[in-house]
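J.: The following comprises the amino acid sequence and a computationally predicted model.
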Amino acid sequence: MEVTVTVNGAAHQLDVEPRLLLVHLLRERLRLTGTHVGCDTTSCGVCTVLLDGVPIKSCTYLAVQADGRSVETVEGLLEGGQPSPIQAAFKQEHGLQCGFCTPAMMLAAKALLADNPDPTEDEVRWALSGNLCRCTGYVNIVRAVRAAASAMRDPEEASAPATEPSAEREPEGSGEPRRGAPVGQEVSA
Amino acid sequence: MSGTETPIRGLGHSVRRKEDDRLLRGRGNFVDDIALPGMLHMALLRAPIAHARITAVDVEAAKAHPGVVAVVTGRDLDAHGLAWMPTLSGDTQAVLALDKVVFQGQEVAAVVAEDPYVASDALELIDVDYDPLPPVVDPNKALEPDAPLIREDKQGQTSNHINHWEKGDREATDRAFASADKVVRLETFYPRSHPAPLETCGCVADVDPATGKATIYMTSQAPHAHRTLFALVAGLPEQDIRIVSPDIGGGFGNKVPIYPGYVVATVASLLLGRPVKWVEDRTENLISTGFARDYHMTGEVALSSDGRILGLRSKVVADHGAFNAAAQPTKTPAGLFHIFAGSYDVPAAFCEVDAAYTNKAPGGIAYRCSFRVTEASFLIERLMQKAATELEIDPAELRRRNFIRPEQFPYRSVLGWEYDSGDYQRALDLALEKLGYQELRREQRERRQRGELMGIGIASFTEVVGAGHGADYDIAGLRMFDSAELRVHPTGKAILKVGVKTQGQGHETTFAQIVAGELGIPPEDVAVMHGDTDNTPYGLGTYASRSTPVGGAATAMVARKLREKAGRLAAHLLEVAEEDVEYAEGRFSVRGAPDQAKTIQEVAFAAYTNLPEGMEAGLEGVTYYDPPNMTFPFGTYCVVVDVDKGTGAWKVRKMVAVDDCGVRINPMIVEGQIHGGLAEGFAIAAMQQITFDEEGNCIGSNFTDYLLPTSWETPNFETHETVTPSPHHPIGAKGVGESPTVGSPAAYVNAVLDALAPLGITNIDMPVTSDKVWTAMHEKGFA
């Protein structure tokens, strides 16, 4: 089948099998390998892309369903060749370790911040709850998203020189804990 | 070109990670991202039942399917002598099944096709006849004399018993128990868990038909060891094998073993002369690759009436699945389980472990854990909780009375360890202070009077990481040393090549910081290479928290080796005697005349341009580091929970973690490691479990059945630190990646059981789900 999909602003006309998944169109046909596959069941979210600005899981989405629509992937996140505030914040706040979930996580964050420029911690946690991470315990991801939100609201402050908040910490737990009030979460099992 | 104008950010700096820039742009290079010209795709057919004879395999329809290039069966491999491969524990594992399948999900045949969709289609066309056999699911039943024999293929194997291992002094321990005022006993099952890194396992095997060189890009935490094993399995000359472990999407021990898919893809590439890619899907990952834990444990502690530990013993039945593919050091088949006395000064101890075959996936890997340390730590910390409840002694106080004291280090334990350093009381006190322990206990008393269920859980763990010493610890005979090669170029920039392999831990940054700390070359000027066996010195890989204790030590030592030569060069440049040169932060200066100095960059230039007579050119070196001892990170984790009386659901109100991993190279990365481990500890305590039904069907074969916590369920963490350097590590570091997974499950479970203590509930096995809590309450007449 013929499909026309706009990916990161560029239109692509492709002949695809009707069963081809969108993630494979992106990864195999367009060689945009920043979008990953993790579970095949819409559970882990590492295949998340933005479809007309809305996060979807491209491992359970047919390429033909994206016909005539616009897809944004991690490869489209740079702004003027430079890291976007979300990318910069993930680095600054150590919001990634192995980096496998990170592209999807940043896209989910981008969709959140487009709707809600100043989310609370709980709002960030809820918005990212379709995206699993096995490395970070989510702490620094949440921190990064809120830092990005802050930078996007107030770009001047964000361009101030980066500091090393952890570098000068004293051992033996002097100073305040880095987290605010913890939120308890239901354990649903 | 002065090295002093830029700050040299060595140890203790939260340098932002070098690896992030590519990963944040979607420009990481994971195995599945690799596409080679002419590459074929492989899919594996897996057994639908747990135990059966194979009576016929018909692949003709699959072979005839358009786009299929080859179909491989066990018989095909057998013709090349490749139907079986060695496991990390010296067992043999079927690459593709021949006469019998022994677990659901076992590899039976492979299809190689032009397209991955076609390969999957063709799997449906393979016809296998199975004659079912009775499945053996319970390891205790597996050890009964009349249990069906699972491993008929193994000569001399007449039962499902794999091995018996014990450590300690049984008689002395029995005597201690005989004289005790109180014996506290706990039977607990540490359930089968799966590391489930978000990237599954896979490879691209590329055997060049012209040269015979096999390049295998694979999800490997131990590329050098895997190269050697490939050479042994396939009979290929080792110099013709190159393992490349590119960016790895999380490992957690899951990517330590060799899996049949790697072997079949390599054989297929060898036979077909084209690259072959195999990437498993999530179900394949969960049902067939290395699981962890699955330890049925009974622990007993003998105490005096005032709460002093007199003796400790445990008995374990370990479920290893159908092949003994446990990733454990050869001489210790139950890994380092004998650390089960934990942080306590125990005068007599004994443990014994019996391992059994069952009709389940093989494994027993060290999931974010140093070889069974997690099981051991969980057992002792749960026992301490139960003992505190039974003796009516505050659990913090009970620990305090039994800690190994600071002046006892180095502490030689009755189980044969020499604990390197520790200050357990200090970590506990800090955790309690940060938690507001006394106030919380007051609140708990008030709530209990109102019938509310609030609990405080403590775990004061001690880990043992950083294997070897090589004479004591090896895998498949390969001693557990590690290596680093450092080359400083004429312009003062450097390349460090290491035998360990990052899977997200940030080696490219922290190892550069170690060089910075030792040699004064800023971390941004040190490129770190790892994961490619053609371009890095031999090492045993990254697992068991050994990168910093062993690979990090090798890095520091090779940098010191170069610094020694650089000092001699500086003396030449400064025209003074070698003993008159002193080094500090990238500068070699004349003793007593600090203005007369040469930077490391100037010295490096001289190493290629201006050498003293008789000195070899260049500034390069390699070190193989065999640690004299393990390192012993420790800490205290405290958890506060509220339990809902109506539903059994529990909420973490607060989690305080105090970690002492010795000297911290990059505090930001260390803290990130702790967050991740605390989350995985929570996952294990609250939801993660692989179960099987009576037929041996795996329940937990996808992420809708095998639950992983999201950002919504995962609690928040408050982290603190103490620093007690390791006396034998060159920079005093101990390793950290696994402490939180080792220590925290007991803290969560202890918290829930502390909440339930007034109801007389003394144990709930993990995962502590709300329905288990509700059922326990219901059985006691509550809820």
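T.: Good, I have the coordinates.
J.: Could you measure from the residue in chain B sticking out farthest from the centre over to chain A?
T.: Most distant from the centre of chain B: B:Glu575, at 50.6 Å, with distances by Cα atoms, centre = their mean. Per Cβ to the nearest Cβ, to the nearest Å, B:Glu575 is found 38 Å from chain A. Every C-beta, even on glycine, is put in place using the N, C-alpha and C of the backbone.
J.: Now do the contacts for that residue.
T.: If you count contacts by Cβ atoms under 8 Å, 6 or more residues apart in numbering or on different chains, B:Glu575 has none.
J.: Give me the residues contacting stretch B:332-340.
T.: B:89, B:162-163, B:165, B:167-168, B:299, B:312, B:314, B:316, B:318, B:326, B:328-329, B:349, B:351, B:353, B:355, B:366, B:370-373, B:375-377, B:379-380, B:415-417, B:462-464, B:467, B:473, B:630.
J.: What mean pLDDT does it get?
T.: For stretch B:332-340, the mean pLDDT works out to 96.
J.: And for stretch A:146-166?
T.: Across stretch A:146-166, pLDDT averages out at 73.
J.: What of stretch A:131-140?
T.: Rounded mean pLDDT across stretch A:131-140 is 98.
J.: gap between that stretch and the chain center?
T.: 12 Å (Cα atoms, centre = their mean, to the nearest Å).
J.: And for stretch B:331-341?
T.: With Cα atoms, centre = their mean, you get 15 Å for stretch B:331-341.
J.: Tell me how many other residues surround residue 83.
T.: Just so you know, I chose chain A. Neighbours of A:Pro83 under the rule other Cβ atoms under 10 Å in any protein chain shown: 18.
J.: Sorry, I should have been clearer: chain B.
T.: Neighbours of B:Ala83 under the rule other Cβ under 10 Å: 19.
J.: Report pLDDT for it.
T.: Here, the pLDDT recorded for B:Ala83 equals 95.
J.: That one contacts B:Gly74, doesn't it?
T.: Yes: the criterion here is Cβ atoms under 8 Å, and B:Ala83 meets it with B:Gly74 at 5.2 Å.
J.: which residues are in contact with both of the two?
T.: Counting by Cβ under 8 Å, 6+ apart, the residues touching both B:Ala83 and B:Gly74 are B:Ala94, B:Val95, B:Leu96, B:Leu98.
J.: Which residues are in contact with the first one?
T.: B:Ala94 makes contact with B:Gly74, B:Ala83, B:Trp84, B:Val102, B:Gln106, B:Glu107, B:Asp153, B:Pro260, B:Phe323, according to Cβ under 8 Å, 6+ apart.
J.: Spatially, what comes nearest to the fourth one if we skip its sequence neighbours?
T.: By that I understand B:Val102. B:Ala322 (3.7 Å; Cβ to Cβ, 6 or more residues apart in numbering or on different chains).
J.: Next: the fifth one.
T.: The spatial neighbour of B:Gln106 that comes closest, neighbours along the chain excluded (Cβ to Cβ, 6+ apart), is B:Ala47 at 4.3 Å.
J.: For the host helix or strand of B:Thr555, list every residue counted as buried.
T.: B:Thr555 is part of helix B:553-574 when elements are defined by DSSP states H and E. Neighbour-count burial for helix B:553-574, counted by 16 or more other Cβ atoms under 10 Å in any protein chain shown, picks out B:553-559, B:561-563, B:565-567, B:569-574.
J.: Sketch out the low-pLDDT regions of chain B for me.
T.: Residues of chain B that meet the criterion pLDDT under 70 lie in B:1-6.
J.: Which one of the residues in it is closest to chain A?
T.: Nearest to chain A in chain B, going by Cβ to the nearest Cβ, is B:Gly26, at a distance of 1.9 Å.
J.: the strands in chain A, which residues?
T.: Applying DSSP state E to chain A gives strands spanning A:2-7, A:10-15, A:48-51, A:54-57, A:70-72.
J.: Which strands or helices does the last one pack on?
T.: The one in question is strand A:70-72. strand A:2-7, strand A:48-51 (3 or more Cβ pairs under 8 Å, 6 or more residues apart in numbering or on different chains; DSSP states H and E).
J.: And the contacts of it?
T.: Looking at strand A:70-72 with Cβ under 8 Å, 6+ apart, the contacting residues turn out to be A:5-8, A:22, A:26, A:49-53, A:58, A:107, A:110.
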